[in-house]
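Student: coordinates only, sequence not included:
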């Protein structure tokens, strides 16, 4: 009954209604609804609204949607709803390109099954002791989340048996192909039962993706999150005109003035990640770097530090950050504009996840205007121009922060000894021309030196560049008028012949 009800909604109600459907309006298991509520979700995202119905109706599906749109719940909710909790065999297999995505997908599914503890989920990935994984598999999980390489190892060992598989999910399929997993994917899909539901999620639709869809999916439902839906309104997007030598100062100012607790900074190269991380640490920020040259143990330590809040800034390359799902990221900084337009979507999707509010800042050099225009055309998003914060604004923010710290000290500490010392100095002859207020101001100036607040001079030329189309139109109009005048003069015998 539920499946027919949802298919009816999908078939006859307009898309905007499906995008705002509430989870409590769906006839889901109450225990799953409790898990969704604990995660803080009330309304389905566009990809969830368009995917849950076909999956509940046991249709094959191919969905084009970027990172950060709620894909895990889009396939996780129907999978869990359809699980046979009494079964002791693998019913669902979810393939992911990276270890990080496996861990995060498993974590999301665990939250959904918080009140359905009879459902067992096991993550399988490289870099972890395979014997430990074999022990976990002896618990007879219904759901396995795996990377292709390690899954193949278990299949060769016969420690994972898929003859009773009912659900097959390929998450971030395009990334798996980019990482060279095509042969493994073919082998796995040929090894599972033909009568199964297969669902594929991908940010792009390349020829290889379409080839897999045609070969392994049966009459699939197609879901596409359009460009107008990619950058959701909950993410405020800004750009600043910043020269290369001033980028670090501007980054620090934006973090200070907004008091961000968790933020991500994206760079285009590993070297830039290392240099920026070192510089931000030297300035007193709790920063960590993440890129492809790091060992798995280093990556795990960095991610654990960032998730737990010990690090407030994560500086990463696009490849290293692909698939990361971290809650409560308040801001994303494009320290370098991405070379690939799709990476912009992936980057800003780290904040404002699942309809939460977020903000993104892009640092743009004068020669990079064309890139910004391409991004705006691709995403159909309005990226607003922002002025660089003034030195006076930063000084005011830091002074307020310092005064709050001083207030805490005065409330918590016994300051009698220091008060007597100041009183003694104030009684000396050389201090007679000064007041207590002068002394306090001197201490504050030592903590917040004036030289740290130098103005950053940038001449904003970008708003003028956006008017180029109008200028071109005016030029063409003038040219047209000139040609028209020339023709009239020729008729009068005055023009060139």
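Tutor: Received, thanks. Fair warning: this is a prediction, and the values are worked out from it, not measured in the lab. Numbers count the residues shown, from 1 in each chain.

Student: element containing the residue nearest to the spatial centre of the chain?
Tutor: Residue closest to the average C-alpha location in the chain (C-alpha atoms, centre = their mean): residue 350, at 1.5 Å. For residue 350, there is no helix or strand it lies in under DSSP states H and E.

Student: hmm, it is touching residue 263, no?
Tutor: No. Here residue 350 does not reach residue 263: they are 9.4 Å apart, not a contact under C-beta atoms under 8 Å. All C-beta spots, glycine's among them, are computed from the backbone N, C-alpha and C.

Student: who touches both of those two?
Tutor: Common contacts of residue 350 and residue 263 (C-beta atoms under 8 Å, 6 or more residues apart in numbering): 329, 332.

Student: and stretch 395-405, which residues are buried?
Tutor: 397-398 (16 or more other C-beta atoms under 10 Å).

Student: for this protein, give me the ranges with low pLDDT.
Tutor: 1-20, 66-68, 226-233, 320-323, 325, 352-356, 449-497 (pLDDT under 70).

Student: picking that back up, how near is the residue nearest to the centre of the chain to residue 441?
Tutor: Using C-beta to C-beta, to the nearest Å, residue 350 is found at 41 Å from residue 441.

Student: with residue 284 instead?
Tutor: From residue 284 to residue 441 the distance is 23 Å (C-beta to C-beta).

Student: these two: which has the busier surroundings?
Tutor: The neighbour comparison of residue 284 against residue 441 (other C-beta atoms under 10 Å) goes to residue 441, with 12 against 8.

Student: ok, the closest residue to residue 84 other than its chain neighbours - contacts?
Tutor: Setting aside the residues directly before and after it, residue 84 is nearest to residue 91 in space (C-beta to C-beta, 6 or more residues apart in numbering), at 6.5 Å. By C-beta under 8 Å, 6+ apart, the residues touching residue 91 are 83-84, 142-143, 164-167.

Student: reformat those residues as JSON lines; add secondary structure and neighbour count.
Tutor: Converted to JSON lines, the contacts of residue 91 look like this (DSSP: H, G, I helix; E, B strand; the rest coil; neighbours: other C-beta atoms under 10 Å):
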{"residue": "83", "secondary structure": "coil", "neighbour count": "21"}
{"residue": "84", "secondary structure": "coil", "neighbour count": "13"}
{"residue": "142", "secondary structure": "coil", "neighbour count": "25"}
{"residue": "143", "secondary structure": "strand", "neighbour count": "24"}
{"residue": "164", "secondary structure": "coil", "neighbour count": "15"}
{"residue": "165", "secondary structure": "coil", "neighbour count": "19"}
{"residue": "166", "secondary structure": "coil", "neighbour count": "21"}
{"residue": "167", "secondary structure": "strand", "neighbour count": "23"}
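
Student: which of those lies closest to residue 56?
Tutor: residue 167 (11.6 Å; C-beta to C-beta).

Student: ranges for the helices of the stretch 101-250 of the chain?
Tutor: Using DSSP state H, counting those that start in this stretch, the helices of the stretch 101-250 of the chain run over residues 130-137, 148-157, 173-178, 182-191, 207-216, 227-230, 247-258.

Student: any chance of the ones you listed in CSV, with distance to residue 366 and mean neighbour count too?
Tutor: CSV is the format used below for the helices of the stretch 101-250 of the chain (distance: least, C-beta to C-beta, whole Å; neighbours: other C-beta atoms under 10 Å):
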stretch, distance to residue 366, mean neighbour count
helix 130-137, 52, 14
helix 148-157, 44, 17
helix 173-178, 32, 22
helix 182-191, 42, 15
helix 207-216, 37, 15
helix 227-230, 27, 16
helix 247-258, 13, 19
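
Student: mind checking these for the one nearest to residue 339?
Tutor: helix 173-178 (14.5 Å).

Student: the closest one - contacts with which helices or strands?
Tutor: helix 182-191, strand 197-202, helix 207-216 (3 or more C-beta pairs under 8 Å, 6 or more residues apart in numbering; DSSP states H and E).

Student: contacts for it next, please.
Tutor: So helix 173-178 is contacted by 95-98, 148, 170, 182, 185, 200-204, 206, 208-209, 212, 322-323 (C-beta under 8 Å, 6+ apart).

Student: hmm, 10 Å instead?
Tutor: Outside helix 173-178, the residues within contact range by C-beta atoms under 10 Å, 6 or more residues apart in numbering are 62-64, 67, 95-98, 101, 147-148, 170, 172, 181-182, 184-185, 200-206, 208-209, 211-213, 319, 322-323, 342, 346.

Student: could you turn the buried ones of the residues you listed into a PyMOL selection?
Tutor: Typed into PyMOL, the line below selects the buried ones among the contacts of helix 173-178, using 16+ other C-beta under 10 Å:
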select buried, resi 62+63+64+67+95+96+97+98+101+147+148+170+172+181+182+184+185+200+201+202+203+205+208+209+212+213+319+322+323+342+346
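
Student: about what we covered before: in a markdown table, list the helices of the stretch 101-250 of the chain along with distance to residue 41.
Tutor: Shown next, in a markdown table, are the helices of the stretch 101-250 of the chain (distance: least, C-beta to C-beta, whole Å):
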| stretch | distance to residue 41 |
| --- | --- |
| helix 130-137 | 28 |
| helix 148-157 | 29 |
| helix 173-178 | 25 |
| helix 182-191 | 30 |
| helix 207-216 | 28 |
| helix 227-230 | 18 |
| helix 247-258 | 26 |
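
Student: and residue 23, which of the ones you listed is closest to it?
Tutor: That would be helix 227-230 among the helices of the stretch 101-250 of the chain, by C-beta to C-beta, at 19.0 Å.

Student: spatially nearest residue to residue 48, not counting backbone neighbours?
Tutor: residue 74 (4.5 Å).

Student: and the host helix or strand of the one you found with strand 197-202, angle?
Tutor: Assessed by DSSP H and E, residue 74 sits inside helix 71-81. Interaxial angle of helix 71-81 relative to strand 197-202 (axes from the mean of the first three to the mean of the last three C-alpha atoms, to 10 degrees): 170 degrees.

Student: show me what the host helix or strand of residue 372 is packed up against.
Tutor: Using DSSP H and E, the element containing residue 372 is helix 369-379. Under the contact definition 3 or more C-beta pairs under 10 Å, 6 or more residues apart in numbering; DSSP states H and E, helix 369-379 sits against helix 227-230, strand 235-241, helix 341-348, strand 358-364, helix 462-465.
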